[in-house]
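[1] the following comprises the amino acid sequence and a computationally predicted model.
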Amino acid sequence: MPANVVLSRHHLRVGMVGLGMIFQETYRPLFEQLHTEGLFRRDFGYVDVELAAVASRTGRRAELLREDAGPRLADFVSCSGEECMAELLRQPVDVVCVATPDHRHFDAARAALLAGKHVLIEKPSVLSLRQLDELEALAKQYHVLCKVVYHKLADPDHKRLRTLVLDGVLHHVNSGYCTLLEPKMISMGQFSEWVAGRNPATYVACHYIKLIDFSFVRPLASQGPSASRETWRLDRITASGQRGLVGPPAGDTWDSVHLQMVYAYPDGREAAFDVHTSWVMPDNYPGYVEQEVQFRFDNAIWNASQRKRGVEVAIEDRTPLQMKSTPNHHYNATTTEPWGGTLQRGYGVEVLRRFFEEVAFVEHGGDKAQRDARLAAMRSLSYNDVHADRNVVATVQALEAILDAQRAGHAGSVVFVNEKRGGLVLYRPGSAEPVVLYPGKV
């Protein structure tokens, strides 16, 4: 670049809510990279992205982060205690990232949107359609982005799967099976403070709910890839769960959950997808987390083990918890680069970087008079915007209602979507009266 060329510099200051496992695995390495390199793209120029403030209940993790990261991060404000969110929003932040346990997402995201901040939320965004409606309305009212992290959509295997669907190579998905099984240390150790009354499906099945909902709806062929999607629709949701390990057999904390979603096509056919999740696997399981998907099409089958990516590692005196024996380097890997230095790569970091690029494009991608047009373009991205999260949140809300019904003695309940009584309607065996969970259209 000629010496007389001066790049304009912009700034995005980030507030982080929650400093747990997902922060350490993905947000922290990205913030360290951006602190060193900044963010650059031709259409918005050079943008400094800095972690400016963090909010946590006790502040202990924030101080450990400050001590461990040192100069790899800018100095940040630590907000703790019951008013930590309000304190964070008093800081000069432009963006707020929410990575708390799922049942705490809504309040933090709502407060950030009311303060006029762009928001990124870990999956699932919220636990009910009413909450989703409010977040979407606030984002529109305050002219900001509200997005959701679905890192599995950036998995290269899943991107290839969707490409084959969009290109018409894979014809008409008709059934599928997904599984994500985690060790006991998740529910009984790492996340033991918040799992009471929770279930593993809300926590991780949403990865696959979104994968299915996003990947298998083809644009109308005559209108190109940017056209509105063909009209398959979510029709009904069923689920069952098992208890007795993490909590009492008759309690409200679930060990494993089997979820089924059924989509209906305009031609009268259906597609059924089963998603099995648990957090009671043995801690010494070889891969730490068991993950696989199978999708069956009219003309094909797609099988993928997301645990076995072609790499196996066995090191003496290292357990699978210390060194994963079947690692997924596509998601998250720290590497020593051939040209020197170390870098953390993977789609877990990539999808976060993409969000900051979207915010930078809205705020710095051209004339201020065109900001609304840029905002609309970024909102139209259905892979992560809250407007496109309706089927995921609907399924999560239905799932939790079905598990509540099972605990109350109504095993085998089903939720129908967009029927004559409402958008989500729960039918319970032995009960003549259905329950309307959400009156509006999903």
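    That came through fine.

[2] residue 394 reaches residue 417, doesn't it?
    Yes. Look at residue 394 against residue 417 with Cβ atoms under 8 Å: they come within range, at 6.4 Å. In this view, the C-beta of every residue, glycine as well, is placed from N, C-alpha and C.

[3] are there residues contacting both of the two? Which ones?
    234, 237, 423-424, 442 (Cβ atoms under 8 Å, 6 or more residues apart in numbering).

[4] which stretches in the stretch 51-200 of the chain count as helices?
    For the stretch 51-200 of the chain, applying DSSP state H, counting those that start in this stretch gives helices covering 60-69, 84-89, 105-114, 129-141, 156-166, 184-185, 200.

[5] take those and lay them out in JSON lines including mean pLDDT and distance to residue 194.
    As requested, the helices of the stretch 51-200 of the chain are exported to JSON lines (pLDDT from 0 to 100; distance: least, Cβ to Cβ, whole Å):
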{"stretch": "helix 60-69", "mean pLDDT": "95", "distance to residue 194": "15"}
{"stretch": "helix 84-89", "mean pLDDT": "97", "distance to residue 194": "16"}
{"stretch": "helix 105-114", "mean pLDDT": "98", "distance to residue 194": "12"}
{"stretch": "helix 129-141", "mean pLDDT": "98", "distance to residue 194": "18"}
{"stretch": "helix 156-166", "mean pLDDT": "95", "distance to residue 194": "28"}
{"stretch": "helix 184-185", "mean pLDDT": "91", "distance to residue 194": "15"}
{"stretch": "helix 200", "mean pLDDT": "96", "distance to residue 194": "12"}
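
[6] winner for burial among those?
    Using mean count of other Cβ atoms under 10 Å, the stretch among these with the greatest mean number of neighbours is helix 200 (a mean of 25).

[7] tell me what that one is packed against?
    strand 270-281 (3 or more Cβ pairs under 8 Å, 6 or more residues apart in numbering; DSSP states H and E).

[8] got the buried residues for the strand it packs on?
    271, 273-281 (16 or more other Cβ atoms under 10 Å).

[9] again, but for stretch 167-175
    Those buried within stretch 167-175 under the rule 16+ other Cβ under 10 Å are 170, 172-174.

[10] okay, the residue lying closest to residue 278 once chain neighbours are set aside: pLDDT?
    Excluding its sequence neighbours, the residue lying closest to residue 278 (Cβ to Cβ, 6 or more residues apart in numbering) is residue 256, at 3.4 Å. We have a pLDDT of 98 for residue 256.

[11] ok, what's across the strand from residue 256?
    Residue 256 has these beta-bridge partners by DSSP bridges: residue 242, residue 278.

[12] which SSE is residue 258 in?
    Following DSSP states H and E, one finds residue 258 within strand 256-264.

[13] quick one, that strand and strand 270-281 angle?
    Angle of strand 256-264 versus strand 270-281, following axes from the mean of the first three to the mean of the last three Cα atoms, to 10 degrees, is 170 degrees.

[14] give the other helices and strands that strand 256-264 contacts.
    Checking 3+ Cβ pairs under 8 Å, 6+ apart, strand 256-264 ends up next to helix 206-215, strand 233-242, strand 270-281, helix 390-407.

[15] list of residues touching that strand?
    181, 199-201, 205, 209, 212, 232-242, 270-280, 395, 399, 403.

[16] tell me how far it lies from the chain's centre.
    On the basis of Cα atoms, centre = their mean, to the nearest Å, strand 256-264 is displaced by 18 Å from the centre of the chain it belongs to.

[17] relative to helix 206-215, how tilted is that strand?
    With the same axes, to 10 degrees applied, the angle from strand 256-264 to helix 206-215 works out at 10 degrees.

[18] so who does residue 295 touch?
    Counting by Cβ under 8 Å, 6+ apart, residue 295 has contacts 161, 173, 175-176, 216, 301-302.

[19] nearest to residue 359 among those?
    Minimum distance to residue 359 across the contacts of residue 295 is 28.0 Å, recorded for residue 161 (Cβ to Cβ).

[20] isn't that closest one right next to residue 302, touching?
    Yes. Counting by Cβ under 8 Å, residue 161 touches residue 302, with 6.0 Å between them.

[21] for this structure, which spans come out with low pLDDT?
    1-8, 218-230, 320-321 (pLDDT under 70).

[22] domain assignment for it?
    What automatic domain parsing lists as the domains of the chain is 9-151+342-385, 156-327.

[23] want to throw the ones you listed into TSV with distance to residue 429?
    Shown next, in TSV, are the domains of the chain (distance: least, Cβ to Cβ, whole Å):
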stretch	distance to residue 429
domain 9-151+342-385	24
domain 156-327	11
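
[24] residue 433 is nearest to which of those domains?
    Residue 433 sits nearest to domain 156-327 of all the domains of the chain, at 18.1 Å, using Cβ to Cβ.

[25] nearest to residue 431 among the domains of the chain would be which one?
    domain 156-327 (15.7 Å).

[26] circling back to that earlier point, hmm, which two among the shared contacts of residue 394 and residue 417 are most spread apart?
    Pairwise distances across those peak at 12.1 Å for 237 and 423 (criterion: Cβ to Cβ).

[27] hang on, the earlier thing: looking at the domains of the chain, which is buried most?
    Comparing the domains of the chain by mean neighbour count (mean count of other Cβ under 10 Å), domain 9-151+342-385 comes out on top with a mean of 19.
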